[in-house]
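[1] kindly return the folded structure for what I paste below:
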Amino acid sequence: EAEALSSIDDLTARQWKANELSAQLQSSESRLGSRPIPNEVLNVLDRFEYLRTRYPLVEEEETTRTQKDRMNDDAQQQQQQSSAPLLSALPNTTPGSHWQRKKKPQIEWMVDEISRVAKSHKQYGQQGRPLHILDVGGGKGKLANALAQRLGEENVIVHVVDVAERAIENGVMRAKRLQLKNVKYQVADASSSKTLVA
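    Reported below is the predicted structural model:
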């Protein structure tokens, strides 16, 4: 059946057929929680029970601050310092969409990590000497705009380079709409230094 599936040219029909095949392959016994734990697994659990009692799982106390807590505090502090809402550069879309589930958290994580690195630089925050961040293949500038907004125009200038002219045009429009003056866009091939403007 897998060979027949691979010969279907229509992508939608192939996906539906793959879903049907997957459902056929899954029986009630193959679903998690519906089958008993095998004796081999139970034997291993019994054999190492002494380790579970010696080293029990301990719930993390509320007073213990994790790195994520500190990052959240930094983000809240940055939001209070900024007149614009934190990461308003990122679009609000339908809850549950691919953007909300996958891309937005990814960009938020990258902004947090890049911000941490930028803030650790010895020249960060020096008046009149903003750091320059290069986003190669930055396209529509969602990451670049969020970074520029988070770190502020007095601290960074974000340069976006992409070969896609239309994507760069979209990024420029977004930056203007957000009134970001510290994002510079350029249509260029980053693999060729001759096309980059200094």
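[2] rest of the way, CA atoms for contacts and neighbours
    Fine.
[3] by mean pLDDT, flag the weakest helix or strand of the chain.
    helix 67-81 (a mean of 55; mean pLDDT, DSSP states H and E).
[4] which parts of this protein are strands?
    131-136, 156-162, 183-187 (DSSP state E).
[5] just the helices in the chain please.
    2-6, 11-25, 39-47, 49-54, 67-81, 98, 104-120, 142-151, 165-177 (DSSP state H).
[6] any idea which of those is most buried?
    Burial of the helices of the chain is given as mean neighbour count (mean count of other C-alpha atoms under 10 Å); helix 142-151 ranks first at a mean of 25.
[7] report the distance from that helix to the chain centre.
    The chain centre lies 13 Å from the centre of helix 142-151; the measure is C-alpha atoms, centre = their mean, to the nearest Å.
[8] ranking the helices of the chain by mean pLDDT, which is last?
    Of all the helices of the chain, the minimum mean pLDDT falls on helix 67-81 (a mean of 55).
[9] whichever helix or strand comes after the least confident helix or strand of the chain: how far from the chain's middle?
    Next in sequence after helix 67-81, counting helices and strands by DSSP states H and E, comes helix 98. Its chain's C-alpha centre and that of helix 98 lie 12 Å apart, by C-alpha atoms, centre = their mean.
[10] try stretch 163-171
    Averaging C-alpha positions (C-alpha atoms, centre = their mean) puts stretch 163-171 21 Å from its chain's average.
[11] what lies in contact with it?
    Residues from elsewhere that reach stretch 163-171 (C-alpha atoms under 8 Å, 6 or more residues apart in numbering): 137, 139, 140, 141, 142, 161, 162, 185, 186, 187, 188, 189.
[12] wouldn't the first one be in contact with residue 161 here?
    Yes - between residue 137 and residue 161 there is a contact under C-alpha atoms under 8 Å: 5.7 Å.
[13] so which of those two has more stuff around it?
    More neighbours surround residue 161 than the other of residue 137 and residue 161, with 24 against 18 (other C-alpha atoms under 10 Å).
[14] ok, that one - contacts?
    134-139, 168, 185-190.
[15] what about 7 Å?
    135, 136, 137, 138, 185, 186, 187, 188, 190 (C-alpha atoms under 7 Å, 6 or more residues apart in numbering).
[16] centroid residue for the chain?
    Among the residues of the chain, residue 106 comes closest to the average C-alpha position under C-alpha atoms, centre = their mean, at 0.5 Å.
[17] roughly how far does that residue sit from residue 10?
    Per C-alpha to C-alpha, to the nearest Å, residue 106 is found 31 Å from residue 10.
[18] got it, and residue 143?
    Taking C-alpha to C-alpha as the measure, residue 143 falls 35 Å from residue 10.
[19] again, but for residue 112
    Counting by C-alpha to C-alpha, the gap from residue 112 to residue 10 is 41 Å.
[20] also residue 48?
    Residue 48 sits 52 Å away from residue 10, going by C-alpha to C-alpha.
[21] please apply the same query to residue 102.
    For residue 102 relative to residue 10 (C-alpha to C-alpha), the value is 26 Å.
[22] quick one, which of these two is more surrounded?
    The residue with more neighbours, out of residue 102 and residue 10, is residue 102; 11 against 8, by other C-alpha under 10 Å.
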